[in-house]
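Peer 1: only the shape, not the letters, is given here:
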């Protein structure tokens, strides 16, 4: 069967911050699934920082979104019609075609998930790409080891909340988080972070020094800019930096100069390494084995902020980019 | 016996570029060696970029030089008097107390070298700390592998000339060097670099793109600043950067903002790693075994620029910092 579906399209490429003009909401007709395809009714979708880079018309590690076409991103939905053995109507699947009510999904790009094991939201956050990003970025990219002092920026965000708790769980000597409000600082303390501060409360360099007078060994960077510079200044010899995101520069219209103390990489023998979760699929099994029980027994907590309704997806995306909301930001489609 | 010795002292800490006022040349009396010490008559000494950081009164990986005291650095000399078994007058030793005619050297900090195997200069350059820096920085820090395209800045300098030739010898697909004059570019071509350019001849980013249209896999950074930014822009996915030096910022009086494209570390999954040769002493044996035969048979060439006379040591140091001279810069003391 074909269905009528509402979808959110890229109306125009943003210059700097996306605005209301960036998005348009339209109706489309979705055809019956061809062989190898599933027709999926989306229930919940994710908004993520990487989507901002796909809005630019620039060669990148993923192709840019096309103007006039529906946006894409992680979603959980229910199979309505299947042409593929192993998938049947009623199955719950995780796939990459969010931002729309109904999706025609290539079955090879869909993974069945079990909603009786964990809620839909968990598959888009702590047990999904977000959680694997935290896991690989901390344990592999930053080569975390017990006894390390760990600093995470955007710590109340989707990835940050997992990094901090995972570091504590794995034996960090101290975990420090920065965030953008007093409420988030309280949230981080509640999650078990040893120290947390609001980066609006004074120079990050000074606040980090107070939180970690003996320096830090690992910095998990979600932000770039001033926070990266402060982390380099606080870094101990042989420290490691995972560069997972630089949300401070994604909407910049000019190249952003930072950090000014990069020469300290030499004397401190710092390793700074960019990461994309797509390189770390081989860790997924170990990740689920390791983290799913912690989620199940509540020792690794996860918070989601859910916007209700597909028409609020642009608003949810902008809130995520501005650092509003705690934890992972999701949109409930149905 | 005690001897009269001329020495070069730090007269005043420089603010920005060192000047004539930074140095003073004085006579001192050097006492007879105490037990465990050698009295050494210096023959040849090295000037190196790291000495600039030791002129600042700032906590660093090595303690700062003291105002009013003789400077220090790599030197080759002849033992005049020894209190230590295993060292006798006439032995040639490599040690860390240059910038003076006579040195009282702790025997534990001296290494005997054989001038019949290689000339004195080689022990301060290609077979010494300089060569080991190139070796460890390329093979270990940058995880060089055959087929890599390698870019080296300050390529006609002491470390750069070794990095480029070593990379060719180890199977690089292409080696590109940047330097500061047409004469140096010719020197690099003569050494076997595939491509070389003068960074004064246009934006580094454009020149590097022409030299490496398919991108680079390894960047050996001796400079920082614009060259680092250009290297990040040209870098292929999973590229590696060894941060060995940032001579462009050592004399800066304000923090220098650079590079502006650091967020590319994420999408390209670049690893950027600071290094100090002092961490890589365990490679020394392999390095000598590997490189000494190449030096002996002339397949790895090394060029030194020698200033005659200890009184010219400040001039030699400034010439090195300004990038004058080819290859390693040394001062002949006697």
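Peer 2: Great, that's in hand. Since the structure is predicted, the reported quantities are computational estimates derived from the model, not experimental observations. Residues are numbered from 1 along each chain as shown, chains lettered A, B, ... in the order given.

Peer 1: next secondary structure element downstream of the helix or strand of chain A with the lowest mean pLDDT?
Peer 2: Of all helical and strand segments in chain A, the minimum by mean pLDDT, DSSP states H and E falls on helix A:247-250, at a mean of 75. Using DSSP states H and E, the helix or strand that directly follows helix A:247-250 along the chain is helix A:264-267.

Peer 1: which elements pack onto that next one?
Peer 2: Secondary-structure packing of helix A:264-267 (3 or more C-beta pairs under 8 Å, 6 or more residues apart in numbering or on different chains; DSSP states H and E): helix A:225-234, strand B:271-274. Just so you know, the C-beta spots here come from the backbone N, C-alpha and C atoms, and that holds for glycine as well.

Peer 1: same list, the ones you listed, but as JSON lines with distance to residue A:212 please.
Peer 2: JSON lines is the format used below for the helices and strands packed on helix A:264-267 (distance: least, C-beta to C-beta, whole Å):
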{"stretch": "helix A:225-234", "distance to residue A:212": "6"}
{"stretch": "strand B:271-274", "distance to residue A:212": "20"}
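
Peer 1: where among the ones you listed is average confidence lowest?
Peer 2: Least confident of the helices and strands packed on helix A:264-267, judged by mean pLDDT, is helix A:225-234 with a mean of 94.

Peer 1: just how off-centre is that one within its chain?
Peer 2: Mean-position distance between helix A:225-234 and its chain equals 21 Å (C-alpha atoms, centre = their mean, to the nearest Å).

Peer 1: in that helix, what counts as buried?
Peer 2: A:225-234 (16 or more other C-beta atoms under 10 Å in any protein chain shown).

Peer 1: try stretch A:191-203
Peer 2: Neighbour-count burial for stretch A:191-203 [16+ other C-beta under 10 Å]: A:191, A:193-197, A:199.

Peer 1: pLDDT of the strand or helix carrying residue A:319, averaged?
Peer 2: In the assignment (DSSP H and E), residue A:319 maps to helix A:313-322. The predicted model gives helix A:313-322 an average pLDDT of 94.

Peer 1: cool, stretch A:284-295 as well?
Peer 2: When pLDDT is averaged over stretch A:284-295, the result is 92.

Peer 1: now do stretch A:144-162
Peer 2: 96.

Peer 1: repeat for stretch A:107-125
Peer 2: Averaging pLDDT along stretch A:107-125 gives 91.

Peer 1: what sits up against stretch A:132-141?
Peer 2: With C-beta atoms under 8 Å, 6 or more residues apart in numbering or on different chains as the test, stretch A:132-141 has contacts from A:144, A:150, A:159-160, A:162-163, A:166-167, A:170, A:218, A:220, A:240, A:242, A:244, A:273, A:275, A:277, A:279-280, A:283-284, A:287, A:290-291.

Peer 1: that older thread, near chain B, anything from the least confident helix or strand of chain A?
Peer 2: Yes - Helix A:247-250 lies within reach of chain B by C-beta under 8 Å from any C-beta of the partner chain, at A:249-250.

Peer 1: ok, which stretches of the stretch 101-250 of chain A are helices?
Peer 2: Along the stretch 101-250 of chain A, the stretches classed as helices by DSSP state H, counting those that start in this stretch are A:120-124, A:129-135, A:158-169, A:182-191, A:204-211, A:225-234, A:247-250.

Peer 1: what about the residue nearest to residue A:99 when sequence neighbours are not counted, distance to residue A:51?
Peer 2: In this structure, residue A:99 finds its nearest non-sequential neighbour in residue A:71, 4.0 Å apart by C-beta to C-beta, 6 or more residues apart in numbering or on different chains. Taking C-beta to C-beta, to the nearest Å as the measure, residue A:71 and residue A:51 are separated by 7 Å.

Peer 1: any residues in contact with both of the two?
Peer 2: Jointly contacting residue A:71 and residue A:51 under the rule C-beta under 8 Å, 6+ apart are residue A:65.

Peer 1: quick revisit: so which of the contacts of stretch A:132-141 are also by chain B?
Peer 2: Answer for these near chain B (C-beta under 8 Å from any C-beta): A:244, A:273, A:275, A:279.

Peer 1: for residue A:202, give me its contacts.
Peer 2: For residue A:202, the contact set (C-beta under 8 Å, 6+ apart) is empty.

Peer 1: state the distance from it to residue A:210.
Peer 2: 9 Å.

Peer 1: cool, and residue A:306?
Peer 2: Counting by C-beta to C-beta, the gap from residue A:306 to residue A:210 is 35 Å.

Peer 1: ok, the two, which is more surrounded?
Peer 2: Applying other C-beta atoms under 10 Å in any protein chain shown to residue A:306 and residue A:210 shows that residue A:306 carries more neighbours, namely 14 against 11.

Peer 1: which residues are in contact with the host helix or strand of that one?
Peer 2: Counting by DSSP H and E, the element that carries residue A:306 is strand A:304-308. The contact list for strand A:304-308 (C-beta under 8 Å, 6+ apart) reads A:44, A:121, A:125, A:313, A:315-316, A:319, A:325-332.

Peer 1: quick one, strands of the stretch 51-200 of chain A?
Peer 2: Assigned by DSSP state E, counting those that start in this stretch, the stretch 51-200 of chain A shows strands spanning A:75-82, A:92-95, A:102-106, A:111-112, A:149-152, A:174-179, A:195-198.

Peer 1: about what we covered before: filter the buried residues of helix A:225-234 by proximity to chain B?
Peer 2: Among these, proximity to chain B is found for residue A:228 (C-beta under 8 Å from any C-beta).

Peer 1: I'd like to know which of the buried residues of helix A:225-234 is nearest to chain B.
Peer 2: Chain B has its nearest neighbour among those in residue A:228, at 7.7 Å by C-beta to the nearest C-beta.

Peer 1: thought the closest one was touching residue A:221?
Peer 2: Yes - if you go by C-beta atoms under 8 Å, residue A:228 and residue A:221 touch, sitting 5.5 Å apart.

Peer 1: now for the two: what residues contact both?
Peer 2: Shared contacts of residue A:228 and residue A:221, counting by C-beta under 8 Å, 6+ apart, come down to A:241, A:243, A:246.

Peer 1: most neighbours, which of those residues?
Peer 2: residue A:243 (27 neighbours).
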